[in-house]
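K.L.:
I would like to see how this sequence folds:
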Amino acid sequence: MAKPASIQIKLESTAGTGYYYVTKKNPRNHTEKMEFRKYDPVARRHVTFKEGKIK
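P.N.:
Numbering: from 1, shown residues only. Next up, the predicted model:
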């Protein structure tokens, strides 16, 4: 069987709260790092989340 093309990544909060989301990404189609504005419940506001690796 072939390996799946998607990998799991961690979207880390730039607010410094340590909160993160886990999502999937296909690195063949999206070579640049992902960046989203999502809700951070620790900071209680929308902040930018940047891609990081899962250890």
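K.L.:
Run through the bridge partners of the residue nearest to the spatial centre of the chain.
P.N.:
Geometric centre of the chain, nearest residue: residue 11, 2.2 Å, by Cα atoms, centre = their mean. Under DSSP bridges, the beta-bridge partners of residue 11 are residue 21, residue 51.
K.L.:
Can you give me the buried ones in stretch 38-55?
P.N.:
Buried residues in stretch 38-55, defined by neighbour count with 16 or more other Cβ atoms under 10 Å: 40, 47, 49, 51. Glycine gets a C-beta too; all of them are placed from N, C-alpha and C.
K.L.:
mind putting those residues in TSV, secondary structure and pLDDT included?
P.N.:
Formatted as TSV, the buried residues of stretch 38-55 follow (DSSP: H, G, I helix; E, B strand; the rest coil; pLDDT from 0 to 100):
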residue	secondary structure	pLDDT
40	strand	98
47	strand	98
49	strand	98
51	strand	97
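K.L.:
circling back to that earlier point, any figure for the gap between the residue nearest to the centre of the chain and residue 17?
P.N.:
Distance, residue 11 to residue 17, by Cβ to Cβ, to the nearest Å: 13 Å.
K.L.:
What of residue 40?
P.N.:
Distance of residue 40 to residue 17, given as Cβ to Cβ: 6 Å.
K.L.:
just to revisit the earlier point, out of the buried residues of stretch 38-55, flag the one nearest to residue 33.
P.N.:
The closest of those to residue 33 turns out to be residue 51 (Cβ to Cβ; 4.4 Å).
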